[in-house]
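1. Starting from these lines, generate the structure:
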Amino acid sequence: MAQIRITPEELRDASNFLMQRLETINSEVASLHSKIEEVTNNWEGASRSSFVETFESDMYPILRDTLPQVVEGISGQLDGAADAIEQADEEVAKAFKG
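-> Okay, the predicted model is just below:
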């Protein structure tokens, strides 16, 4: 049988940590995008076009959209696990009271 050795508070702390880091991630993604724009403004030719197209259509949406969604999803799962542990504990406590 599984043993849960983490508290709901620890799970919520981890969730909050991820959400705080998400702000940093979003800021870093914006900085990265700015740097890419800066670099590509001084670059000409087919290789530039190919790079910009690949970055803008494939890479940047993952960094801008998908990564934050993943972090938010993990944070939500941690909060959900904390809630489930608390609820299970409350139900067991009620069972003992009759």
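2. For stretch 45-65, measure first residue to last.
-> Taking CA to CA, to the nearest Å, stretch 45-65 runs 29 Å from one end to the other.
3. quick one: buried residues of that stretch?
-> 51, 52, 55, 60, 63 (16 or more other CB atoms under 10 Å). From N, CA and C alone the C-beta is placed, and that goes for glycine too.
4. Closest one of the residues you listed to residue 94?
-> Checking the buried residues of stretch 45-65 against residue 94 with CB to CB, the nearest one is residue 63 at 46.4 Å.
5. could you pull out the helices for this structure?
-> For the chain, the helices defined by DSSP state H cover 8-41, 46-54, 60-61, 67-97.
6. who touches the second one?
-> When you say that, I think you mean helix 46-54. With CB atoms under 8 Å, 6 or more residues apart in numbering as the test, helix 46-54 has contacts from 40, 43.
7. same check, this time on the third one
-> With contacts defined as CB under 8 Å, 6+ apart, helix 60-61 is touched by 33, 36.
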